[in-house]
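Participant: Dropping the sequence and predicted coords here.
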Number of protein chains: 2
Amino acid sequence: MAIVKAKPKKSSVSAIRVAELAGVSRSAVSRTFTDGASVSPATRTKVLAAAEKLGYHVNHLARGLIHHRSGIVCLIVAEMQAPFQANVVETTTRKLQAIGKVVMVLNTAGQPENVEAALRQTLNYRAEATVVVSGAPPLSLIETCIENGQRVILINRDDAITGPEFVLVENENAAREACLLLHRAGCRNLAVVSSTAGTSSIMAREQSFVAAAAELGLTAQVSRAGPTGYATGAEGARQLLGASNRPDGVFCVTDLLALGFMDVARQEFRLAIPDDLCVVGFDDIPEAGWLAYNLTTFRQPIGAIADHIASIIEKDEPEPAPPKRLPTQVAWRKSVRP
Amino acid sequence: MAIVKAKPKKSSVSAIRVAELAGVSRSAVSRTFTDGASVSPATRTKVLAAAEKLGYHVNHLARGLIHHRSGIVCLIVAEMQAPFQANVVETTTRKLQAIGKVVMVLNTAGQPENVEAALRQTLNYRAEATVVVSGAPPLSLIETCIENGQRVILINRDDAITGPEFVLVENENAAREACLLLHRAGCRNLAVVSSTAGTSSIMAREQSFVAAAAELGLTAQVSRAGPTGYATGAEGARQLLGASNRPDGVFCVTDLLALGFMDVARQEFRLAIPDDLCVVGFDDIPEAGWLAYNLTTFRQPIGAIADHIASIIEKDEPEPAPPKRLPTQVAWRKSVRP
DNA sequence: TAACCTTATGCACAGCCTTGCAAAGCTGCT
DNA sequence: AGCAGCTTTGCAAGGCTGTGCATAAGGTTA
C-alpha cells in the first residue's frame, strides 16, 4: 500500500461551515456580515460565535465578484523609496483605507514598460480606481481601464487627454515665485537644477523658472546631470559652480536635487548658504527641514492631494471635472536671504 | 413617464462576451489564458483577437476563488514614509512582483490597534502571505492566518512563537561590533541613542551595546527621548551633550536618530565629527551616505531580506524553519576615527 | 475504408458569496 | 381564535472562472 501524502489543502473556512455549526442557513451568515441586512439578534449572535470559533472571514474576492466593486485601489509608482513618493504613498494609503478601500501597490521599478504590465494588473484585479503616481501609462490601456468602469487618476501630469482625472500642483506659479524670491534676495546670476527625467511637472517648473528669469531680464542656466535625485543635484553643483560664471541663486526642481547641490556647494566649493549662494527647492520633504539644510522650499500639499484622490474615488458617478490644481506654499527657512 | 436614469453598470467584459465574439465556447477562452491548457492555434488566435478588441482581462478575483491562490501578498507596515521602511517596501514589492505576486499594502498609521484590522483584511482578501514589516500583531490572529493557509512572515521581530516565519538581522552582533569600533577609536565615554518605541530589534541593539560596553569595563548612558526618528536623535543630543559627562562615542540604534544627533552636535554644540565625537548608526539609509553626514553605519541587507521573503512565499509546502538571521555589514564612512 | 490514436472542444459543476422572492414565524389587535 | 402586518429565514439564481469528463474532429496507418 503506497503512502499517499495527503495534500493539506488548508481550505480556508467558508460560510457554509459556519452555517452548519450555527445551525442556520448560508444566507443567514451572509446577512450577518452584510450591513443593513435583516437578521434577528438571536441568529446574529449564534453566527458570530460560530464564525469566531472557526476563524471565518468573509471572502472579499467573491464579494467583489458580485458587487462589481472589489474595494481595491491600485497605486502605480516608481522610485517609491524616494522621500516624496514615499510620503505620497503613505498618505494616500492611509486616507484610502479610511474610506474603506484597500491599496494595491504596483512598483514599476523605474522601467516605463512596466507601467503597462501594472495597468494590466489593475484590470485583472478589477480595481475600482488606479492612481498613477509616476510613470507614463499608454493611452490605450487608460481607455480600457475607464471602459471597464475604473476611475483613473494621474498625479502631477498634465497630458491633454480626456477620460482620466488629473490632480496636480501649480508648478508654474511656484517656479515663478521661486524666481522672484531669489531676485528679491539680490541674486542676479540664476540657475535651475533639473534632471533628465523629463516628466511634465519637472519640465513645467524648469521652463517657468527660465521664463520668469527672462522677464526680469536675466538668463538662467540649466543643469540636467542625470535622473532626479541627490547625486544629480551634487553633480549639478560641480557643473555650475565649477564654471566661470558661477550662479548666486539656484532653483532646484526637487528637494533631493537641492540637498545634493547644497552639500557639494558647501563641502567642495566652501560656499556659505545663503550668504554666497541662495537655494530654493521643491516638495518640502522631511529632510529639507533638517538642521543641516534648512532649505527654503515649496511645499506640495500631499494631504490635500490624497484627500482629493479619496473624494474622487468615493463618489460613485464619475462626473467629468477639470484638472484639480492645488497651490503650493512656501516653507520659509534659511537657504535664501530674507 | 418618469425619466429613469439608467445605471451605467459598466460591467467589465467577461469571458462569455469574448467567447461569443470569437465564436467559440467559454471554456476555449478560459484555456487560452491558462498556461499549459490545450487549445489549437487557430482558436487561440481567434480568442486573442476578440479579447484584444473587447479589452478583456482575466478576472483574478474569480480565478483566485477557484485556485485558492489569490496571488496577493499583504505588507503590513507603519511609518512607511521613513527611509528604512520605504526601502523595505520598495525592494519587497519589486521582488514579489518578479515572482508573479501582487502586493497589497496595509498602512497601520502608527496605531498598534490597526494591526489587527490589517490582519483581518489579509484574511478577507485571502492573501497567500502576510509580511509584517512593523507592528506587533495579536497572536490569535496570526494563528487564524496560518490555519487559513497563509504564510506569515515577521521582520526584525524576535518573539518566541511558533507558526510564523522570522527573518531578522543580527542585531546583537552588530551592536557589539559598534561598541568595539568606538572603543578602538579611543572613545571611553559611551552612549546609546535609542527610542521609546521598544520594538524587539531596537531593544536588542540597545541592550547588546550596553552589555558589550560593560564587558569593556565601561558604562554606556542611554537616551530615549521619543519615537524613532530624526527629532528624537536631535533631542538625545541635547540631553547627552548638555550634561556634565559628555560622551565621546555614540551608537544610534537607527540612522535617522544618528542624523538628528549629528546635526545638533555640530550646530548647537559646535562639535567636530569624528574628532570630538564619534557616531555610529544602524540601517544604512541613503541619507547616511550624503556628504553632510558620511555616517559609519551597519547596513541592513534589505535585498537579502526581500529575497528570503520571496523564497518563503514561492515554496508551496510551508516547512517549518528556524528564524533566518542575516548578517549586517559595516558601511565605513567618516563619522568614526579610523 | 475501417480502426485507432491524438488533439481540441463543449458541457456542466465547483468555488464563495449576495440578494430577490416567497414562505414562515411572530406580534398585536379585534 | 382569526387576521393583518411585520420581521426573519431559506431557496435558488447569478456573478466569473477553471477543469474533469465525455464527445467530436482530425490525422495516420493497415
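Facilitator: That came through fine.
Participant: Not counting the least confident helix or strand in chain A by mean pLDDT itself, show me its contacts.
Facilitator: Least confident helix or strand, chain A: helix A:139-147 with a mean of 86, by mean pLDDT, DSSP states H and E. Identification of contacts with helix A:139-147 by CB atoms under 8 Å, 6 or more residues apart in numbering or on different chains yields A:116, A:119-120, A:122-123, A:130, A:152, A:161, A:163-164, B:10, B:55, B:57. All C-beta atoms are positioned from the backbone trio N, CA, C, and that covers glycine.
Participant: Just confirm yes or no for it near DNA strand D.
Facilitator: No. Figure legend: helix A:139-147 not in contact with DNA strand D (CB under 7 Å from any atom of the strand); closest approach 13.6 Å.
Participant: and the gap between the residue in the stretch 151-300 of chain A that DNA strand C sits nearest to and A:Glu314?
Facilitator: Per CB to the nearest atom of the strand, A:Arg151 is where the stretch 151-300 of chain A lies closest to DNA strand C, at 20.6 Å. To A:Glu314, A:Arg151 is 10 Å away according to CB to CB, to the nearest Å.
Participant: which ones are touching the residue of the stretch 151-300 of chain A closest to DNA strand C?
Facilitator: The contact partners of A:Arg151, taken as CB under 8 Å, 6+ apart, are A:Glu128, A:Ala129, A:Thr130, A:Glu165, A:Ile312, A:Ile313, A:Pro318.
Participant: Closest one of the residues you listed to B:Ser40?
Facilitator: Ranked by distance to B:Ser40 (CB to CB), the contacts of A:Arg151 are led by A:Thr130 at 35.0 Å.
Participant: Over to the residue of the stretch 151-300 of chain A found nearest DNA strand D: give its phi and psi.
Facilitator: Using CB to the nearest atom of the strand, A:Arg151 is the residue of the stretch 151-300 of chain A that sits closest to DNA strand D, at 18.1 Å. Taking degrees, to the nearest 10, you get phi -90, psi 130 for the backbone angles of A:Arg151.
Participant: do the same with A:Leu271
Facilitator: Per degrees, to the nearest 10, the backbone of A:Leu271 is at phi -90, psi 150.
Participant: Let me know how buried the nearest residue to A:Thr232 once chain neighbours are set aside is, in neighbour terms.
Facilitator: Once flanking residues are discounted, A:Thr232 sits nearest to A:Gly226: 4.0 Å by CB to CB, 6 or more residues apart in numbering or on different chains. Counted by other CB atoms under 10 Å in any protein chain shown, the residues lying close to A:Gly226 total 16.
Participant: Please list all residues in contact with A:Gly226.
Facilitator: A:Ser195, A:Thr196, A:Thr232, A:Glu235.
Participant: Which helix or which strand is home to A:Arg17?
Facilitator: Secondary structure from DSSP states H and E places A:Arg17 in helix A:15-22.
Participant: A:Ile202 now?
Facilitator: Counting by DSSP H and E, A:Ile202 is part of helix A:200-215.
Participant: Show me the contact partners of that helix.
Facilitator: Helix A:200-215 is contacted from outside by A:156-159, A:168-169, A:171-176, A:178-180, A:190, A:192, A:194-195, A:219-220, A:222, A:228, A:251, A:253-254, A:282, using CB under 8 Å, 6+ apart.
Participant: List the buried residues for that helix?
Facilitator: A:Ser201, A:Ile202, A:Ala204, A:Arg205, A:Glu206, A:Gln207, A:Ser208, A:Phe209, A:Val210, A:Ala212, A:Ala213 (16 or more other CB atoms under 10 Å in any protein chain shown).
Participant: ok, the closest residue to the last one other than its chain neighbours to A:Val210 distance?
Facilitator: This means A:Ala213. Leaving aside its sequence neighbours, A:Ala213 sits nearest to A:Ala220 (CB to CB, 6+ apart; 4.1 Å). In this view, A:Ala220 and A:Val210 are 5 Å apart by CB to CB.
Participant: shared neighbours, those two?
Facilitator: Jointly contacting A:Ala220 and A:Val210 under the rule CB under 8 Å, 6+ apart are A:Val192.
Participant: measure the one residue in chain A that gets nearest to DNA strand D to B:Gln329 for me?
Facilitator: Residue nearest to DNA strand D within chain A: A:Ser25 (3.1 Å; CB to the nearest atom of the strand). According to CB to CB, A:Ser25 stands 60 Å off from B:Gln329.
Participant: in stretch A:245-260, what's buried?
Facilitator: Result for stretch A:245-260 [16+ other CB under 10 Å]: buried residues A:246-260.
Participant: no no, stretch A:328-335
Facilitator: Judged by neighbour count using 16+ other CB under 10 Å, the buried positions of stretch A:328-335 are A:Thr328, A:Val330, A:Ala331, A:Arg333, A:Ser335.
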